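S.K.: A structural model of the following input is requested.
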Amino acid sequence: MRFIRLILISFVFLFVLASLIGALLPAHVLVSRAVNIHASTDSVLAVTGNIQAWKGWMEGMNDASVKIKSPAEAQIGQTLVTIEAVTDSSVVSKWLLKSGQPQTSTIRVYYQPAQQLTIVQWQFEQSLRWYPWERIGSIMNDKIMGPMMEKNLASLKQFLEKPQVVQ
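M.R.: Next up, the predicted model:
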């Protein structure tokens, strides 16, 4: 009986400690990456604002688990992606994870006429609940999502900068 009580008290203590540590971590997480592309903003927005065009530059979009429903909606594995807004300088999409937790993806484009290049900034934002495992787990978001974003932005750069074949 004494052993069970020790285990129960230890469990409660560890949960309270994890909750306090989690409360010190931010409830809003942002992961951002950027790349310079020698292409017009219109061409960048054309391939980032249409989910069907993602096949040309985003890893995994040609996979059998990807179901493109329209140019603005797709099921990527267990994540539902919906493009909510396309403006002259940004593409905003919602990524609804299997857990029901939404993430907002924003791709912003900034044209630099002096250098004749477009800066493409891609960011994922996520609001977290108070759960300690969510807050503590969010520490890894940059390490998990960052390399994937960098790889896809490099692929976008290569896709847009390749010479077009004239027929």
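S.K.: lowest confidence element among the helices and strands of this protein?
M.R.: Ranked by mean pLDDT, DSSP states H and E, the weakest helix or strand in the chain is helix 132-137, scoring a mean of 71.
S.K.: got the buried residues for that helix?
M.R.: Neighbour-count burial for helix 132-137, counted by 16 or more other C-beta atoms under 10 Å, picks out 132, 134-135. All C-beta atoms are positioned from the backbone trio N, CA, C, and that covers glycine.
S.K.: May I have the beta-bridge partners of the residue nearest to the spatial centre of the chain?
M.R.: Per C-alpha atoms, centre = their mean, the C-alpha nearest to the average position across the chain is that of Phe124, at 4.0 Å. Beta bridges link Phe124 to Val31, Ser105, judged by DSSP bridges.
S.K.: what's near enough to touch it?
M.R.: If a contact means C-beta atoms under 8 Å, 6 or more residues apart in numbering, then Phe124 has 30-32, 95, 103-105, 141, 145, 149 as its contacts.
S.K.: Can you flag the buried ones in these?
M.R.: Taking 16+ other C-beta under 10 Å as the criterion, what is buried in the contacts of Phe124 is 31, 95, 103, 105, 141, 145, 149.
S.K.: buried residues in the host helix or strand of the second one?
M.R.: When you say that, I think you mean Trp95. Assigning secondary structure by DSSP states H and E places Trp95 in strand 90-96. The neighbour-count check on strand 90-96 (16+ other C-beta under 10 Å) flags 90-93, 95 as buried.
S.K.: Fine by me, we can end here.
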